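Chemist: Next input, structure requested:
(one chain, ligands or ions: 1)
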Amino acid sequence: MTPAVEFRGVSVHFGATQALAPLDLSVARGETLALLGPSGSGKSTALKALAGFLRPSAGRVLLDGQDVTDLPPHRRGLGVVVQSYALFPHQRVADNVAFGLKARKTRRADVPKRVGEVLELVGMSEYARRYPRELSGGQQQRVALARALAIRPNVLLLDEPLSALDAALREDMVAELLRLRAELPDTTLIYVTHDQSEALALADRIAVLRDSRLVELGPCEQLYRRPATEFTASFLGAANLIPVELVRADGSVATVRLAGRELSAEPSGTLQPERPVALGVRPHRISVGEPGPDTFPALVRGVQWRGSGYRLDLRLTDEVCDIRAEVPDSPVLPAVGDRVGVSIPDGCPLVGVGG
Ligand SMILES: Nc1ncnc2c1ncn2[C@@H]1O[C@H](COP(=O)(O)OP(=O)(O)OP(=O)(O)O)[C@@H](O)[C@H]1O
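Modeler: Now for the predicted structure:
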C-alpha cells in the first residue's frame, strides 16, 4: 500500500551545519510514528521539511504517493500543532478553530458545524466563546489540536505538543490523545518528542534520532525490549549499560561473563565480533539485597527517595562500573556506604558498544 508519508533521502543543511542527514522513512496510513531524540537531534527539522516550513537541501517528500516537495505548507493539507499553541489572542476559541477553514475557503455555512464537531472531539464545546487568555495551558493546547483537526487532515503533525504543560497535565493529555487517536483511526500521526514515556504510550513505531541521523526504527516494544544500539537502550528507558565479555552467541541467546559469573542475554541487532558489548539493564530490573554467592558485590553511593520507591546509585566493585537501580519502598533500605549484593536477571538485551 502507498505510504501516507514518505521521506526519500531528505537532508537539510543550514550553511555548513547538517541539521538532518539523508532520511529515508515511510509512515503508513493510520499509523502513529514518534520521532524521538535528544535536543538538537533533528526531529523538528524533519517535521518542518515534511510540513513545508523549510526546503530540503536534497531528497523528496511524498504524501500519499504525491511528491509535495515543491508545494507550500498550506497546499499540503496537513494539520500541525506546535509546542507554543500559537492561538490568536484577540480571537475567541471558535474563531481560532475556524481560521484554517476560512483560509481554505470552506463554504461559509459549513464552518460553524465543523468548528462544533472538532471542539466536541477535544472536549472544549463549552469554551467556544472564550478568549485564549481565559483558558488553562491544557485547554489552549486542546484548542490548538481542534484547529489543526478542523481541516480534516489525513496527516497530523505534533511537535512537542505537551512540553509547555506540567507533569500531571501532560499525563492527562497523553490519555486524551490516545482517546482522540481511537476516534480518528485513518489519520496518520507524527509526534515529535524528547520524552520517551510519551513516545512509548502513543506510538506504534518509534524513530530514534541522534546527531541529525535516524539511528533506529521499529515498534515500541521491540525498541524497548531489544534495542539494537547502546544509544536506544540508554535513551529509551534509561538502561544501565554494563560492559560484559561475550562468551558465545547462538542466534537469539548469548552467554556473557560479568565479574567471573555467567549470565544469559538476548543479543539485539548484529554483534560485531571485535566490538565490545554491554548488557542493557533497566533500573527496575535490578534487585538489591544482602551480599551472597549469587550476587554481584556493590557499594551504595547514593539513595534518593522518589515517592513510590527509591533510586540507588551503586558501584559494582569487581567491575568498577556505576549503575542505577530503582527499588520499591522497603523497611530495610541500604544507606550510603553500605556493601550490598546486586542481582541482574537473565535475558537482558545485549548491545554493541561504540561504532
Ligand atoms: N535555522 C537554523 N539555522 C542553523 N542551524 C539550525 C537551524 N535550525 C536547526 N538548526 C540546527 O540543526 C540541528 C537540529 O535541530 P532541530 O531543531 O531539528 O533539533 P530537535 O531534535 O528538534 O531539537 P529540540 O528538541 O531542541 O527542538 C541542531 O544542531 C540545530 O542547532
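
Chemist: Check the gap between residue 150 and the ligand for me.
Modeler: Counting by CB to the nearest ligand atom, to the nearest Å, the gap from residue 150 to the ligand is 26 Å. In this view, the C-beta of every residue, glycine as well, is placed from N, C-alpha and C.

Chemist: Tell me, how many residues neighbour that residue?
Modeler: 25 (other CB atoms under 10 Å).

Chemist: Identify the residue spatially nearest to it, adjacent ones excluded.
Modeler: Spatially, and ignoring its direct neighbours in sequence, residue 150 is nearest to residue 118 (4.8 Å; CB to CB, 6 or more residues apart in numbering).

Chemist: Contact partners for the one you found?
Modeler: Residues near residue 118 by CB atoms under 8 Å, 6 or more residues apart in numbering: 97, 146-147, 149-150.

Chemist: mind running it again at 10 Å?
Modeler: 97-98, 101, 124-125, 142-143, 145-152 (CB atoms under 10 Å, 6 or more residues apart in numbering).

Chemist: between those, which is closest to the ligand?
Modeler: Checking these against the ligand with CB to the nearest ligand atom, the nearest one is residue 148 at 18.6 Å.

Chemist: list the contacts for that closest one?
Modeler: 78-82, 97, 100, 118, 122, 156-158, 161.

Chemist: Grab the nearest non-local neighbour of it.
Modeler: Nearest one to residue 148, counting by CB to CB, 6+ apart, is residue 79 at 3.4 Å.

Chemist: Give the rounded mean pLDDT of the host helix or strand of residue 262.
Modeler: For residue 262, the element it lies in under DSSP states H and E is strand 261-267. Averaging pLDDT along strand 261-267 yields 91.

Chemist: Please name every helix or strand in contact with the next helix or strand after that strand.
Modeler: Downstream of strand 261-267, the next assigned helix or strand under DSSP H and E is strand 277-281. Packing partners of strand 277-281 (3 or more CB pairs under 10 Å, 6 or more residues apart in numbering; DSSP states H and E): helix 230-235, strand 240-250, strand 253-258, strand 261-267, strand 321-328, strand 348-352.

Chemist: can you pull the buried residues of strand 277-281?
Modeler: 277-281 (16 or more other CB atoms under 10 Å).

Chemist: For the closest residue to residue 73 other than its chain neighbours, give its distance to the ligand.
Modeler: Of all residues not flanking residue 73 in the chain, residue 52 sits nearest, at 3.8 Å (CB to CB, 6+ apart). Residue 52 sits 15 Å away from the ligand, taking CB to the nearest ligand atom as the criterion.

Chemist: ok, residue 52 touching residue 75?
Modeler: Yes: because the distance of 7.9 Å satisfies CB atoms under 10 Å, residue 52 is recorded as touching residue 75.

Chemist: Now do stretch 36-44: distance to the chain's middle.
Modeler: Relative to the centre of its chain, stretch 36-44 is centred 10 Å away, using CA atoms, centre = their mean, to the nearest Å.

Chemist: I meant to write stretch 79-92 there.
Modeler: Per CA atoms, centre = their mean, the centroid offset for stretch 79-92 relative to its chain is 23 Å.
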